[in-house]
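K.L.:
how would this look folded up:
(4 chains)
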Protein chains: 2
Amino acid sequence: MHRQTIRDVARAAGVSISTASNALNGTGRTNAETVERVKRVAEEIGFRPNALARGLLTKRSHAIGMLTNDTYGRLTLPMAAGVSEVLVDHGLSVFLCATNNDPRLARLHLETLLDRQVDGIIFTATRLDLKPPPELAKLSIPVVYAFAEGPENSISFFPDDAQGARLAVEHLQALGHSRIAHITGPEDYLAVRVRAKAYRDCVGPGAVVLYGDWSEEWGHEAIEQILSRGGDWPDAVFCGNDEIARGVIDALRDKNLTVPGDIAVVGFDNWEVISRQTRPPLTTIDMELKEIGHSAGLTILSLTRGETVPAGITRLPCRLVVRQSSGGQTD
Amino acid sequence: MHRQTIRDVARAAGVSISTASNALNGTGRTNAETVERVKRVAEEIGFRPNALARGLLTKRSHAIGMLTNDTYGRLTLPMAAGVSEVLVDHGLSVFLCATNNDPRLARLHLETLLDRQVDGIIFTATRLDLKPPPELAKLSIPVVYAFAEGPENSISFFPDDAQGARLAVEHLQALGHSRIAHITGPEDYLAVRVRAKAYRDCVGPGAVVLYGDWSEEWGHEAIEQILSRGGDWPDAVFCGNDEIARGVIDALRDKNLTVPGDIAVVGFDNWEVISRQTRPPLTTIDMELKEIGHSAGLTILSLTRGETVPAGITRLPCRLVVRQSSGGQTD
DNA sequence: TATTTCTGCTAAAAGGTTTTATCTGCAGTT
DNA sequence: AACTGCAGATAAAACCTTTTAGCAGAAATA
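P.N.:
Next comes the predicted model:
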């Protein structure tokens, strides 16, 4: 059984192909009654336009490519979901291309995407400071960077790390904590530096930042360091991610210190498999990755329509998720 | 600047369009020298064929759709990576469509995919026993089910849950454990039942299965139940997933029981964020989701080429990952 | 020499759609 | 009566590629 074409619609409705096309798309001059009839016939015989043929002619494939840096990490995916979610109702589909951080693979995917005449490309990375493939800058189709910084005059969306860090610290301060330490990841991450600076600005003198890696183990070790050191113990810890926070909480329990009673803890990421299952459940900062995806998707949509969008970096607000580890919520 | 078409290649090489096409594709009768020249010219001017035009004519879009049941859970993504990985070298791209378990959305995505003339569809789910959209069965293009069971006479790929469970139990038995308990998820999951049965078959009389949910908390609670009960304590626990295993290990530590000294623990999933960070690191079963993606990808590739693939369910082997919680590895 | 076979190449059709330019009638103006 | 204007429709071109059928010339055969 053959797929129905516009030719079939035209024949069944007793009009020419042009009229059928005009009627269906609301273009040209057409009699209202004819339009009605053509639409009805099209519906009846189950006509759906061939996207390839349409794209060939209009130069708009109604598809975009999403180029991601890693093998679908936990950061990329919520963003991809956000992108897809906001585009599907506009008839846009998303090619997902994982580059595994391999330039050869990135180029291969990029070429394929261009061959397919995608209307735009969204690039996402797992680290803010990994550079996107330079070929992207030269494309003639719109490119949007999500969780990644593009070149001069490009459009990028980030989580607002500084605001997120402030959210965490101010939450702890509002609960009466004044000796807040910051245990975080490797200093060569841009996000780590941004958050640490915001933390320092908030707490003022007496700020303590410990850089390490992203693991639970480092959380343990950092607590060991802090407690074995002389002077006042902190009464709260703001951690660079949820894994570190979990390590911190476990270490404190081993030392017979209660959370949040003796020391309050706040994480970063709201990676639910960790943050919900920690005992007590973790107060943390959600980067709203899906929102970033939404913004990137809507932006690329505007761009493909020829609207102009101001270049620059947009930082989207993080959200504080209060659970029990900070003492901000009793439950 | 215009994109170069085959017309430009033909002109630059001083041949007709047909010859250019034949030379580039190795079809028809062509002089070796001409072929060489055309290819060189094409390379020089950076010609890349328009996938839309080609697809329109050949009826093969070289794209497939991946329809997934959830918002990119931790199961879907490794599979998607596997699919993409194996297809990219054959010039196939993947549309990723998240249906959020919403039938309306599933139908919408499906229609769009068909409009785009995709060569095939891979359906994946997060639970083996959620039914895929029935429309899929009636399509005239190939459909493959990954981590999901299709209708009669379809092609499905699963992890071999029974073999995975046996792997875990036999590993513990080989280490000398004879009183092995099984703490797992909700009984209405098919995978839970399959694994529990395999476990029972392995340990024989004295089997103990505790059904609960997938959380760490349930791991704690289950240990509470087991230890407070009379009779011999188990000397090993096989858990239904890594989260439960983590809860179990934490609970045992609270009780001053050592792992693996007093009780050995094995998990299921090899979800690295948990299994590596548990103290001690978790021996667990990896479902090789990427492999499932590979198989699904290769199968759809064969099918789109017109080769026939026998219908039925293929169960792909799981892999035992030995870390310290089982005592099988000292390190 | 006349016919066939083969080689290398090409014109033209096809694929399904959108869009431009044109073509009929018919009503309204001079 | 001759013209303009307009509504409604349509033929044909265009998008870019692959493929079919055929053409000219040279080599091989009779």
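K.L.:
Distance check, residue A:66 against chain B.
P.N.:
Distance, residue A:66 to chain B, by C-beta to the nearest C-beta, to the nearest Å: 8 Å. C-beta here means a position set from N, CA and C on the backbone, and glycine is covered the same way.
K.L.:
and if you look at residue A:251?
P.N.:
In terms of C-beta to the nearest C-beta, residue A:251 sits 11 Å off from chain B.
K.L.:
so where does that residue fall, helix or strand?
P.N.:
Using DSSP states H and E, residue A:251 maps to helix A:242-254.
K.L.:
Tell me which other helices or strands that helix touches.
P.N.:
strand A:180-184, helix A:216-228, strand A:236-239, strand A:264-266, helix A:272-275 (3 or more C-beta pairs under 8 Å, 6 or more residues apart in numbering or on different chains; DSSP states H and E).
K.L.:
Just confirm yes or no for the first one near chain B.
P.N.:
By that I understand strand A:180-184. No: applying C-beta under 8 Å from any C-beta of the partner chain, one finds strand A:180-184 out of contact with chain B, separated by at least 15.5 Å.
K.L.:
Show me what the helix or strand just after that strand packs onto, helices and strands only.
P.N.:
Using DSSP H and E, the helix or strand that directly follows strand A:180-184 along the chain is helix A:190-203. Packing partners of helix A:190-203 (3+ C-beta pairs under 8 Å, 6+ apart): helix A:161-174, strand A:180-184, strand A:208-211.
K.L.:
ok now helix A:190-203, how far from the chain's centre?
P.N.:
21 Å (C-alpha atoms, centre = their mean, to the nearest Å).
K.L.:
What mean pLDDT does it get?
P.N.:
Helix A:190-203 carries an average pLDDT of 96.
K.L.:
now residue A:198: how far from chain B?
P.N.:
Note on residue A:198: its distance to chain B, by C-beta to the nearest C-beta, is 26 Å.
K.L.:
Excluding residues flanking it in the chain, which one is nearest the closest residue to DNA strand C within the stretch 51-200 of chain A?
P.N.:
With C-beta to the nearest atom of the strand as the measure, residue A:53 is the residue of the stretch 51-200 of chain A nearest to DNA strand C, at 3.4 Å. Once flanking residues are discounted, residue A:53 sits nearest to residue B:56: 5.4 Å by C-beta to C-beta, 6 or more residues apart in numbering or on different chains.
K.L.:
Over to residue A:274?
P.N.:
residue A:242 (4.3 Å).
K.L.:
Run a quick neighbour tally on the one you found.
P.N.:
27 (other C-beta atoms under 10 Å in any protein chain shown).
K.L.:
What ranges does chain A have for its helices?
P.N.:
A:6-13, A:17-25, A:32-45, A:51-58, A:76-87, A:103-115, A:161-174, A:190-203, A:216-228, A:242-254, A:272-275, A:289-304 (DSSP state H).
K.L.:
Which strands or helices does the shortest one pack on?
P.N.:
I take that to be helix A:272-275. In terms of contacts (3+ C-beta pairs under 8 Å, 6+ apart), helix A:272-275 is packed against helix A:242-254, helix B:272-275.
K.L.:
in the first one, what counts as buried?
P.N.:
Within helix A:242-254, the residues that qualify as buried are A:242, A:243, A:244, A:245, A:246, A:247, A:248, A:249, A:250, A:251, A:252, counting by 16 or more other C-beta atoms under 10 Å in any protein chain shown.
K.L.:
gap between residue A:83 and residue A:149?
P.N.:
Note on residue A:83: its distance to residue A:149, by C-beta to C-beta, to the nearest Å, is 18 Å.
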